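Asks: sequence unavailable; structure follows:
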């Protein structure tokens, strides 16, 4: 099936309108008409070749919401007309320990990315959601709750849920793993596409939330999203005012940071979780973690059960990503604005404009 898309012809090149061929349905596949596709900063890194690969031309996009048009004969959970989402993954081995426990994102044999991944059946390179249609295994689809406004998949609230399929589960997963709840103090480093969702989620879980941002330019937003405190980190010695304060710190930024400053803000048994991928290594003193049994950890997106749990939690608590809907012919402009931090806080592409 040939479908319209936007694809990057080469590393660093502007995306162009194009076509790609979707595979015929396998027995456990569903065919989706894509309605919304989010733009993630990782799309930009991949298109620019920041994470080296040579899989061009390439159609990005791993935040996808659409309506099922057709199902394979072995599909049991979904039917035509259902509104579903696809996140960062479309397959995994299904046999290793993480997969068997619902953490396909940590597949020991290599999970298959929604785009720029290798199809486990035919060896082709997967192509993502900047397109009109996509084919995906039933097991890697997430059911999108009805927004309750009578608009179904066309609802602006559904559009605003689209970025949650990456930004939502990436922040929800560590919050759940470290059992965030009432009485806990959580700090979020950075309040961009990931951070603003982290603030909303942690607040909804009952934590006392603090935003640690380079400047106070987004303070009003942070407090509106549920933060109790918002501090600028640009001054030397800032961390001394918050020594041993936080039970959990989520670092959502990929820019280089002096990580030792944030480790010193952890309380006894506190954990700093890396969600961004800053270049180079992390430097902190062993005494910083030994003395208070602190931890520095990492977390990568989430598995399918956790993604569904996150979507349902967000629907229950009225959480969506702050987003700006754009037509497909503005993708390259959107990339420039994301790179310049000129978006509050995510872009979502209207797939009817492909």
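Replies: Nice, thanks for sending it over. Everything quoted here is computed from the prediction, not taken from an experiment. Numbering: from 1, shown residues only.

Asks: the strands in the stretch 51-200 of the chain, which residues?
Replies: 64-71, 83-86, 89-91, 112-113, 133-137, 142-143, 185-189 (DSSP state E, counting those that start in this stretch).

Asks: between the fifth one and strand 64-71, how many degrees?
Replies: Orientation of strand 133-137 against strand 64-71 (axes from the mean of the first three to the mean of the last three CA atoms, to 10 degrees) gives an angle of 70 degrees.

Asks: where along the stretch 201-350 of the chain do the strands fall?
Replies: Here the stretch 201-350 of the chain has its strands, by DSSP E, counting those that start in this stretch, at 208-213, 229-232, 246-251, 266-274, 295-298, 323-326, 346-350.

Asks: so which of these is nearest residue 120?
Replies: Residue 120 lies closest to strand 295-298 among those, at 25.2 Å (CB to CB). All C-beta atoms are positioned from the backbone trio N, CA, C, and that covers glycine.

Asks: and the contacts of that closest one?
Replies: Residues external to strand 295-298 that are found in contact with it (CB atoms under 8 Å, 6 or more residues apart in numbering): 174, 259, 263, 269-275, 282, 284, 289.

Asks: that one pairs with which strands?
Replies: strand 266-274 (parallel) (DSSP bridges).

Asks: can you give me the domain assignment for the protein?
Replies: The record's domain parsing of the chain by the TED database lists 2-165+321-353, 167-298.

Asks: got the ones you listed as JSON lines, with mean pLDDT columns?
Replies: Output for the domains of the chain, formatted as JSON lines (pLDDT from 0 to 100):
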{"stretch": "domain 2-165+321-353", "mean pLDDT": "97"}
{"stretch": "domain 167-298", "mean pLDDT": "95"}
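
Asks: residues contacting residue 218?
Replies: So residue 218 contacts 191, 211, 230, 344 (CB under 8 Å, 6+ apart).

Asks: of those, closest to residue 170?
Replies: Closest approach to residue 170 among those (CB to CB): residue 191, at 14.4 Å.

Asks: ok, the closest one - contacts?
Replies: 199, 211, 213, 218, 221-222, 252, 345.

Asks: using CSV, lay out those together with distance to residue 35.
Replies: Output for these, formatted as CSV (distance: CB to CB, whole Å):
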residue, distance to residue 35
199, 27
211, 32
213, 33
218, 29
221, 27
222, 30
252, 27
345, 20
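
Asks: out of these, which one sits closest to residue 110?
Replies: Among these, and counting by CB to CB, the member closest to residue 110 is residue 252, at 25.2 Å.

Asks: burial check on that closest one, number of neighbours?
Replies: Residue 252 has 23 neighbours, counted by other CB atoms under 10 Å.

Asks: ok, now residue 305?
Replies: 13.

Asks: next one: residue 48
Replies: 14.

Asks: for the nearest residue to it once chain neighbours are set aside, give me phi and psi.
Replies: Among residues not flanking residue 48 along the chain, residue 12 sits closest, at 5.2 Å (CB to CB, 6 or more residues apart in numbering). Backbone torsions of residue 12, given as degrees, to the nearest 10, read phi 80, psi 0.

Asks: and for the one 5 residues further on?
Replies: The phi and psi values for residue 17, taken as degrees, to the nearest 10, are phi -70, psi 140.

Asks: what's the nearest residue to it if we skip its chain neighbours?
Replies: In this structure, residue 17 finds its nearest non-sequential neighbour in residue 6, 5.9 Å apart by CB to CB, 6+ apart.

Asks: correct me, but the one you found touches residue 354?
Replies: Yes - Residue 6 is in contact with residue 354 according to CB atoms under 8 Å; the separation is 6.8 Å.

Asks: give me the common contacts of the two.
Replies: By the contact definition CB under 8 Å, 6+ apart, residue 6 and residue 354 are jointly contacted by 17, 130-131, 328.

Asks: returning to that earlier point: can I get the contacts of strand 295-298 in CSV with distance to residue 40?
Replies: Output for those, formatted as CSV (distance: CB to CB, whole Å):
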residue, distance to residue 40
174, 18
259, 24
263, 28
269, 32
270, 28
271, 25
272, 23
273, 19
274, 17
275, 13
282, 23
284, 28
289, 31
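
Asks: can you say which of those residues are buried?
Replies: Burial by neighbour count, 16 or more other CB atoms under 10 Å: within the contacts of strand 295-298 this picks out 174, 259, 263, 270-275, 282, 284, 289.

Asks: surely residue 178 and residue 249 touch.
Replies: No - using CB under 8 Å, residue 178 is not in contact with residue 249; the gap is 10.3 Å.
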